[in-house]
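Q: Have a look at this fold, sequence not included:
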């Protein structure tokens, strides 16, 4: 059994202080959400008259509820398609032995170097000609294109470190490439899948520019647009954070396993 040394104590103290620093903004947000009108002291707990009126007003006086539904639908559909296509593309590129597979992989990586702002004007013109401005489907298509290079990169790096023993055994039993992927490889990629889900969900959920361009002023506004509208208080900001926090707590074990396993380039 490892002994508890002074180095362990110092490390624990540093980690506790780091956690306090990162949790302090959330404390301020929760604290201000529980205060009444005119009470703007963010540091002391509202022990006298804590109230949930801010949460009630955020739901009644704004469209934060509709924005939450819109963001959940857009994020969920986008992430599912990205995971499905990205995992299959990475598996095909890594397991293929042809020369074109490596070239295609580097083409995907090249997409990481192209910022969204560089393609913003031509994409907007294209979707405007297709009469797709104001549709959430447009956002889903954009997010798939933006996140696919990074997703393929993560899956490919993880697959290179994955042993081939199980897939070879399945191949001997008569399993084809599609079956080997879904029944053997994909379940083993659970840690990196959790990483892809969390990172992609955070990107899509917090994105402001693309929704502003393509669905701003429509009933399909997302949470960042609704918060930017200025009709929400601190409670509205806190409500908008809950789905992401819940998803993180559900997937945090798989995320930690993915980080611990490392990435082999």
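A: It's in. Quick caveat, the model's predicted, so the values are computed rather than measured. Residues are numbered from 1 along each chain as shown.
Q: where's residue 238 relative to residue 148, distance?
A: Look at residue 238 and residue 148: by Cβ to Cβ, to the nearest Å, they are 32 Å apart. The C-beta positions use only the backbone N, C-alpha and C, and glycine is treated the same way.
Q: swap in residue 193?
A: Taken as Cβ to Cβ, the span from residue 193 to residue 148 is 15 Å.
Q: Which of these two has more residues huddled nearby?
A: Counting neighbours by other Cβ atoms under 10 Å for residue 193 and for residue 148 shows that residue 193 has the greater number, 22 against 18.
Q: which residue sits closest to the more buried one, ignoring its sequence neighbours?
A: residue 83 (6.1 Å; Cβ to Cβ, 6 or more residues apart in numbering).
Q: Tell me, how many residues neighbour that neighbour?
A: 19.
Q: Tell me which residues touch it, please.
A: 151, 193, 196-197, 200 (Cβ atoms under 8 Å, 6 or more residues apart in numbering).
Q: tell me the centre residue of the protein?
A: residue 201 (2.1 Å; Cα atoms, centre = their mean).
Q: gap between that residue and residue 156?
A: 21 Å.
Q: Once you drop chain neighbours, what's closest to residue 228?
A: Nearest to residue 228 is residue 208, by Cβ to Cβ, 6+ apart, at 6.9 Å.
Q: Hmm, residue 223 and that neighbour touching each other?
A: No. Under the criterion of Cβ atoms under 8 Å, residue 208 makes no contact with residue 223, lying 9.7 Å away.
Q: So which of the two has more stuff around it?
A: Each of residue 208 and residue 223 has its neighbours counted (other Cβ under 10 Å); residue 223 has more, 28 against 14.
Q: What is the burial count for residue 76?
A: Neighbour count for residue 76, taken as other Cβ under 10 Å: 15.
Q: Tell me the spacing between it and residue 143.
A: 11 Å.
Q: the helices in the stretch 151-265 of the chain, which residues?
A: Using DSSP state H, counting those that start in this stretch, the helices assigned to the stretch 151-265 of the chain run over residues 165-172, 177-180, 186-188, 190-206, 209-214, 223-228, 234-261.
Q: can you redo those helices as CSV with distance to residue 72?
A: Shown next, in CSV, are the helices of the stretch 151-265 of the chain (distance: least, Cβ to Cβ, whole Å):
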stretch, distance to residue 72
helix 165-172, 35
helix 177-180, 30
helix 186-188, 24
helix 190-206, 9
helix 209-214, 14
helix 223-228, 9
helix 234-261, 6
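Q: So for residue 132, which of those sits nearest?
A: Checking the helices of the stretch 151-265 of the chain against residue 132 by Cβ to Cβ gives helix 209-214 as the closest, at 8.0 Å.
Q: Mind putting the contacts of residue 83 into TSV with pLDDT and distance to residue 167?
A: Listed next are the contacts of residue 83 as TSV, based on pLDDT from 0 to 100; distance: Cβ to Cβ, whole Å:
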residue	pLDDT	distance to residue 167
151	94	21
193	90	17
196	91	21
197	90	23
200	93	26
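Q: Was I right to think residue 223 contacts residue 241?
A: No. Counting by Cβ under 8 Å, residue 223 sits too far from residue 241 to count as a contact (9.1 Å).
Q: can you count the residues close to the residue nearest to residue 158 when sequence neighbours are not counted?
A: Residue nearest to residue 158 in three dimensions, not counting chain neighbours: residue 192, with 4.1 Å by Cβ to Cβ, 6+ apart. For residue 192, the number of neighbouring residues by other Cβ under 10 Å comes to 27.
Q: how much space between residue 192 and residue 87?
A: On the measure of Cβ to Cβ, residue 192 and residue 87 end up 9 Å apart.
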